[in-house]
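# got a structure for you, letters missing:
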């Protein structure tokens, strides 16, 4: 299976397991900058040079050799499951993507029909009942993850622990897992462990939120979207994410983790 979703600097200073909707655009740009002294001009997900990616065939043997030998500092970044699934809804379901089309072709029309959600009209800009539509989307997300119906789960709402696990079960070891909610602190701790060709100021660098303008703005606080049934579904889908990464399941209003990630526990529980 190899190491899907893994990026590595060309200098092999850093190895990163991408977790969608967890600051991956900014992290990729940081990695690019540390090698080249500049940010990539465009969405880092589109970059076909300057950064090794598992999706690029020529990068695979280099990444595999590095990870199996644990030659570089390996890390990933996680996010509160409540805010992550909301971000996925507004970006991927309600938003128009950078190619000017809906995400995954017939995905949105299909769940509009089957689950009765609204997405804010043709361009995602019309007013609609965000809370009702999100809760119906969450039911779809549960169905796709648990039963792979009406389609296979998507990387943007499949569990964080599922993404993190593939790196471990195929022979990788993490040196650091930090929180999107404490990005500057976490990214600084990673960069402080390695020598890079170029240094950058995390405080003043731009944030590369490539999905920010795709969809409608969230109209309510996070906790407003989650009633008792929604929280039950969240526990059913993302129980491991809440437990392993120390997020507060009982209080959707608390975006911050309750403690640090225990790397030994993560490797033990996701390495089966």
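Perfect, thanks for sending it. Because the structure is a prediction, the values reported are computed rather than measured.
# can you pull the contacts of the closest residue to residue 70 other than its chain neighbours?
Leaving aside its sequence neighbours, residue 70 sits nearest to residue 173 (C-beta to C-beta, 6 or more residues apart in numbering; 5.6 Å). (Each C-beta comes from the backbone N, C-alpha and C, glycine too.) Residues in contact with residue 173 (C-beta atoms under 8 Å, 6 or more residues apart in numbering) are 70, 74, 267.
# Any idea how many residues pack against the second one?
Spelled out, that is residue 74. The tally of other residues near residue 74 (other C-beta atoms under 10 Å) stands at 22.
# Identify the residue spatially nearest to it, adjacent ones excluded.
Using C-beta to C-beta, 6+ apart, the closest residue to residue 74 is residue 15 (4.3 Å).
# can you pull the contacts of that neighbour?
6, 7, 8, 63, 66, 67, 72, 73, 74, 75, 172.
# Pretty sure it sits in a strand.
Yes - according to DSSP: H, G, I helix; E, B strand; the rest coil, residue 15 belongs to a strand.
# Residue 25 versus that one, what's the distance?
According to C-beta to C-beta, to the nearest Å, residue 15 and residue 25 sit 18 Å apart.
# Show me which helix or strand of this structure is least confident by mean pLDDT.
Ranked by mean pLDDT, DSSP states H and E, the weakest helix or strand in the chain is helix 107-115, scoring a mean of 93.
# Give me the contact list for that helix.
For helix 107-115, using C-beta under 8 Å, 6+ apart, the contacting residues are 93, 102, 117, 118, 119, 136, 137, 139, 140, 150, 151, 154.
# same thing but 6 Å
Helix 107-115 has contacts (C-beta atoms under 6 Å, 6 or more residues apart in numbering) with 102, 117, 136, 140.
# ok, and the most crowded of those?
Going by other C-beta under 10 Å, residue 117 tops these with 23 neighbours.
# Confirm for me that that one is in contact with residue 139.
No - the criterion here is C-beta atoms under 6 Å, and residue 117 misses it with residue 139 at 9.4 Å.
# in the least confident helix or strand of the chain, what's buried?
Within helix 107-115, the residues that count as buried by 16 or more other C-beta atoms under 10 Å are 107, 108, 111, 115.
# Next: stretch 142-151.
In stretch 142-151, counting by 16+ other C-beta under 10 Å, buried: 142, 143, 144, 145.
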